[in-house]
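Asker: Take a look and give me a structure for this.
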Amino acid sequence: MSTHPSPSLGTAVKIMTIVIAVLLGIIAGLTAGILAVTVGQGIAGALSWGAAAFMAVTTLALFIAQSMGTLRP
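Answerer: Below you'll find the predicted structure:
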């Protein structure tokens, strides 16, 4: 019976860092969309606020992780 080697700890940390960054972006996007609807924006405004917040927070989280050395090759 052959077993597949598990990914190294460094690879697992990198994958989890990316997953956490995306989840933070999703939370920020949903929050921005809810706030946009609350202040009276339409669906288009809520989608644009949510998309912008998702891109900004995800990019910031990945940049911080890279600056800390978590995502370096």
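Asker: mind checking the longest helix of this protein?
Answerer: Taking DSSP state H as the criterion, the chain has its longest helix at helix 9-38.
Asker: so where's this structure uncertain?
Answerer: Where the chain drops to pLDDT under 70, the residues are 1-2, 4-7, 9, 73.
Asker: Grab the most central residue of it for me.
Answerer: Residue closest to the average C-alpha location in the chain (C-alpha atoms, centre = their mean): V22, at 1.9 Å.
Asker: burial of the residue lying closest to it once chain neighbours are set aside, as a residue count?
Answerer: Once flanking residues are discounted, V22 sits nearest to T58: 6.0 Å by C-beta to C-beta, 6 or more residues apart in numbering. C-beta here means a position set from N, CA and C on the backbone, and glycine is covered the same way. Number of residues near T58 (other C-beta atoms under 10 Å) recorded here: 19.
Asker: My guess is T58 contacts I20. True?
Answerer: No - T58 is beyond contact range of I20, at 10.1 Å (criterion: C-beta atoms under 8 Å).
Asker: before we move on, the earlier item: isn't the residue nearest to the centre of the chain right up against V57?
Answerer: No - between V22 and V57 there is no contact under C-beta under 8 Å: 9.6 Å.
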